[in-house]
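Asker: Could you look at this predicted model? Sequence included:
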Amino acid sequence: MTTTQTARTDGDLAAEGLSVGYRARGGLTQVLADVTVTLHSGQILGLAGESGSGKSTLALSLLGYRVSGQETLAGRVAFDGRDLDGASIKELRKVWGARLAYLPQDTATSLNPALTIRRHFVEGLRRHRGLDTAAAVARSAEWLARVEIPEPETALHKYPHQFSGGQQQRIALALALSVEPEVLILDEPTTGLDVVTQAHVNRLIVTLARDAGIAALYVSHNLALLATVCDELAIMYAGQIVEQGIAAQVYAAPRHPYTAALIGAVPTIASDRPLHGIPGIPRPSVPVHTCGFAQRCTFRTDACETDIPLVALADDRAARCIRLDELPTFDPSAEHTTAVVVDRATAAKDLDAILTVDNVGVVFARPGSGEPFVAVDDVSVRVPAGRALGIAGESGSGKSTLLRAIAGLVRPSSGTISYRGAALASTAGERPVALRRAIQIVFQNPDATLNPRHTVYQSLERPLKLFRPDIAKRDRRDAVAAMMRQVRLAPDLLDRYPRNLSGGQRQRVAIGRALLAEPEVLLCDEVTSALDVSVQASILELLVGLQAERELTVVFVTHDLGVLRAVADEAIILQNGAIREAGPTTRLLREPTHPYTKELIAAVPDPDRAAEFLSGGS
Amino acid sequence: MTQTAQQAGRPRATRAPRRLPYLVRQLITLLVTLFAITIVIFGLTAIAGDPARDILGQYATDEQVAAFQQLHHLDQPVVVRYLEWLGGVFRGDLGTSYQSNGPVWDVISPRLGPSIVLVLLSWVLTVVVSVPIGLWSGVRLRGRRDASLTFVTLIVAAFPEFVLGLMLAILLGVWLAWLPVDSTAVSYGGLFDSPSAYVLPAITIALGTIPYIIRLMRANAREVASETYVRAAVLRGVTEPSLSLRHILPNAAPPVVTALGLQFAGLIGGVVVAETLFGFPGMGQLLAQSAASRDAPVVEALALMIGALFVVANLAADAIVVYVTPKLRDAVR
């Protein structure tokens, strides 16, 4: 991993002092600066960073793939002693898929929707391994069996959409490995999959890559996952590697403030450590004569305003920080004092249920087939005023449907939902204005819920017009500005359109809009799952703070047990629409009794129990 | 995942009504549309008023007009006439031409063959020219050359068909003298005795739709080419032509197939113009002539045939889109 290493064995792929930029409209934006990484056979290198850090560019550059406008400014990518960066497209096509394999980000789009699975496989095996069709088909079936696809022979004749997301990604993995490549580049291969599915795919990736002695690069924004599945870890920020070393060591004792901050932003289920967002937004391009992280760093001094070298430390560790000698080794498990810490046991003053769900079921008719689909199955739950209820489960568990039924967006087929003891009408349209105001919802994707043609101010003013006749027209601007401060948005963003905001800012606007109605109950549907970890942490921090401050009742739907732990006092675990387990969140996660809860917990990547995770659970 | 949600012992809710097979549903749509078309067609010719005076001339006596009206049942109420006509259509009797006084079918039938050949020819020409150019430019062409192609398609699209036809006639027919400018020859001898007479009208008609299809194909190919699954294929070492033909075309084709179905209307408009322009003895020319001479039964029959062709083409395009899109194929079952 050190920069001085020159000797490589066969099949090693390395970036050596690689700097890359994009040229667009005459200007050049540098996105990678002096990146040196080596992939070793039989080992997995994890590459972590937020969106825009350059990690995907590095992944593709390692393959010799260049998007239009991309230029190599310095350094090279070497494979087997040859320079991949200068290779002709003809040479590249000989190694692509044959010796270098790539598993792309989006689970649903790594396979061509118009082609059968068989075609995907046969194409590569014929081209790269010279097999005839019969042999290629036999080999494909073998590989499908190895990634645990049921009935491989039949599966070959199906199309991608006929498989679940997890199956599709396992098929894509088999497809990449079937040609027996020497290098495998994985770009967020399990993002967007359910925890249990994610764990399954990751186990397969690690097992199969190690068995085949493949050199792999695993790109992800999830540090806990990388620390669990990888041998080595490189942390990327603003196009530079800021820290690298043995995965477990980096995760347990980070040396760079950014690594420490990133680890602090990952919600865990194991400890009571509060979450910390990283203030500010990531730098969009490579820093010049300054530390890239300086603007967001709590340890910044004037000395940081210079080009910072990557300093080699003991144990194959390297970090890019000017204050390495002064700063202590960080301990991510230690408590910080600045964060909002809510004493969950005593926070609730009023334990009367504000929201009661009694035997609620939601059944959807399925067009085409006769069987109706039971989304929510006889769920009963009480939400005490001023507390946070978490609803967790995999996709298809009915957690969002239940939330929508509470919001009055889905009509329950049976049961009642009551608010302060009185039954609520089943759809929001039938509820009186006061009740609509009292129950507000925030959705997963702010892009879809903020009108792209409304400014932030227009979006925030709307709940005031609808629900707050008590606020005079001329006072609206003040009320909106006050809310902007509460959700920690700069007031100069008021006249911007959603497209000019970052994802985190948009979600803050969506939350602010819901809060301006002065709700008693705030329903949150996976509000952070589309965001980067650092942004997720700050949004969760905000929500937890607001909840305590305003004595809000929150119902929070999430698939992430770490997030559940961070926000919810009480939790229910849903599977197939039914409650499997319910109770105080900390107890639920510490002493699960239902096998399904245990399965969910075992699927959460935990670097301290890496061996357990990779062997398939408890 | 959804299957496991169906637990045993759950009381069965009302069954969703069983849907008819896709093809049957399409066929019903076809019949309903055709029925609607008959009403519109007949209604329009009825609104145009009594043609007796126009056809018999200004010196016709009232008796002659009355006789004409009686002969063609024009003295009956519109609804009765419509039902009589519709009944005739079902029996294969399209009525009597005002001009020839013979069966409409006898007027139309000799022109049917040449027009069908002409339409198919322009159709094939459109597909053969626009799909490869559109695909190639969408996947490969960038920058200035791409802009040039877009410009050329725009220029061609901007010219009305009769201008394009005239320019082609002057270029290929007069200056180069490769092709006959007049297509009357088609009416003599067998269907394929004078193949050169088909060329100019066919090119003229095809040029009316080619620019549009090229641009649509190009836009779709470009969009699909930027999909991650195409990049994934490139990074698996897939090369041309397999990349374009296997990985991009099947995903980019559906909107183009739909458009080719819809463009049938444009093609038929082109047929009327081109046949009139080149004196091609087909249905388009007959339609123009019959409309001018107020021969309502012929116009009605032709409009019905063209309408039927149009509806069938669209439904066929829909069916093809469903057939080539695996996801849809599963959804319509």
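Answerer: Looks like it arrived, so ask away. Keep in mind that this is a model prediction, so the values were computed, not measured. Residues are numbered from 1 along each chain as shown, chains lettered A, B, ... in the order given.
Asker: List the contacts of the most centrally placed residue in chain B.
Answerer: Centroid-nearest residue in chain B, with CA atoms, centre = their mean: residue B:264, separated by 2.2 Å. Contacts for residue B:264 (CB atoms under 8 Å, 6 or more residues apart in numbering or on different chains) come out as B:309, B:310, B:313, B:314. Glycine gets a C-beta too; all of them are placed from N, C-alpha and C.
Asker: Let's see that with 7 Å instead.
Answerer: Contacts for residue B:264 (CB atoms under 7 Å, 6 or more residues apart in numbering or on different chains) come out as B:309, B:310, B:313.
Asker: Same question for residue B:100.
Answerer: Taking CB under 7 Å, 6+ apart, we find residue B:100 in contact with residue B:107.
Asker: what about residue A:255, helix or strand, and which?
Answerer: Here residue A:255, judged by DSSP states H and E, is contained in no helix and no strand.
Asker: excluding its backbone neighbours, what's nearest it?
Answerer: residue A:319 (4.3 Å; CB to CB, 6 or more residues apart in numbering or on different chains).
Asker: For the residue nearest to the centre of chain B, give me the pLDDT.
Answerer: We note a pLDDT of 74 for residue B:264 in this prediction.
Asker: where's it relative to residue B:274, distance?
Answerer: Distance, residue B:264 to residue B:274, using CB to CB, to the nearest Å: 15 Å.
Asker: swap in residue A:330?
Answerer: 79 Å.
Asker: quick one, which of the two is more surrounded?
Answerer: residue B:274 (31 against 18; other CB atoms under 10 Å in any protein chain shown).
Asker: and the more buried one, what helix or strand is that in?
Answerer: helix B:264-278.
Asker: Toward the C-terminus from that helix, list the very next helix or strand.
Answerer: Heading C-terminal from helix B:264-278 (DSSP H and E), you reach helix B:283-292.
Asker: And that next one, what's buried?
Answerer: Across helix B:283-292, burial judged by 16 or more other CB atoms under 10 Å in any protein chain shown covers B:283, B:284, B:285, B:286, B:287, B:288, B:290, B:291.
Asker: pretty sure the fourth one contacts residue B:111?
Answerer: Read that as residue B:286. Yes: at 5.3 Å, residue B:286 and residue B:111 qualify as touching, with contact defined as CB atoms under 7 Å.
Asker: can you list the residues of the stretch 101-250 of chain B near chain A?
Answerer: B:227-229, B:232-233, B:235-239, B:246-247, B:250 (CB under 7 Å from any CB of the partner chain).
Asker: again, only using 8 Å
Answerer: B:142, B:227-239, B:242, B:246-247, B:250 (CB under 8 Å from any CB of the partner chain).
Asker: A PyMOL selection for the residues you listed, restricted to the buried ones, would help me check which they are.
Answerer: PyMOL command restricting those to the buried ones, with burial defined by 16+ other CB under 10 Å:
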select buried, chain B and resi 227+229+230+231+232+233+234+235+236+237+238+246+247+250
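Asker: Chain B contacts on the stretch 501-618 of chain A?
Answerer: Contact residues, the stretch 501-618 of chain A versus chain B (CB under 8 Å from any CB): A:576, A:577.
Asker: could you pull out the strands for the stretch 501-618 of chain A?
Answerer: With strands called from DSSP state E, counting those that start in this stretch, the stretch 501-618 of chain A shows them at A:521-525, A:553-558, A:570-575, A:578-584.
Asker: so residue A:599 sits right up against residue A:196, yeah?
Answerer: Yes: assessed by CB atoms under 8 Å, residue A:599 is found in contact with residue A:196 at 6.2 Å.
Asker: Contacts only, for residue B:93.
Answerer: B:103, B:105.
Asker: May I have the secondary structure class of it?
Answerer: Following DSSP: H, G, I helix; E, B strand; the rest coil, the label given to residue B:93 is coil.
Asker: Run the chain-centre distance for the helix or strand in which residue B:108 is found.
Answerer: If you go by DSSP H and E, residue B:108 is part of helix B:104-139. Put simply, helix B:104-139 sits 9 Å off its chain's centre (CA atoms, centre = their mean, to the nearest Å).
Asker: Of all the residues in the helix or strand just after that helix, which ones are buried?
Answerer: Downstream of helix B:104-139, the first helix or strand assigned by DSSP H and E is helix B:143-158. Of the residues in helix B:143-158, B:149, B:150, B:153 count as buried by neighbour count, 16+ other CB under 10 Å.
Asker: Go through those and say which is closest to residue A:283.
Answerer: Using CB to CB, residue B:150 comes nearest to residue A:283 of the buried residues of helix B:143-158, at 38.0 Å.
Asker: these two touch, right, the closest one and residue B:215?
Answerer: Yes: using CB under 8 Å, residue B:150 is in contact with residue B:215, at 7.1 Å.
Asker: which helices and strands sit right next to the worst-scoring helix or strand of chain A on mean pLDDT?
Answerer: Counting by mean pLDDT, DSSP states H and E, the weakest-scoring helix or strand in chain A turns out to be helix A:610-615, with a mean of 80. When contacts are defined as 3 or more CB pairs under 8 Å, 6 or more residues apart in numbering or on different chains; DSSP states H and E, helix A:610-615 sits against helix A:195-211, helix A:223-229.
Asker: Return the list of helices and strands in contact with the longest one.
Answerer: Spelled out, that is helix A:195-211. In this structure, helix A:195-211 packs against strand A:44-48, helix A:165-178, strand A:215-220, helix A:223-229, helix A:595-602, helix A:610-615, with contacts taken as 3+ CB pairs under 8 Å, 6+ apart.
Asker: For the chain, give me the ranges with low pLDDT.
Answerer: Just so you know, I chose chain A. Filtered on pLDDT under 70, chain A yields the residue ranges A:1-11, A:106-108, A:271-273, A:332-351, A:367-370, A:616-618.
Asker: that's the other chain; I wanted chain B
Answerer: Counting by pLDDT under 70, chain B shows low-confidence ranges at B:1-20, B:189-190, B:265, B:332-333.
Asker: Show me the domain layout of it.
Answerer: B:22-91, B:110-331 (automatic domain parsing).
Asker: And the residue of the stretch 51-200 of chain B that's closest to chain A?
Answerer: residue B:142 (7.5 Å; CB to the nearest CB).
Asker: OK, contacts around that residue?
Answerer: Per CB under 8 Å, 6+ apart, neighbours of residue B:142: residue A:68.
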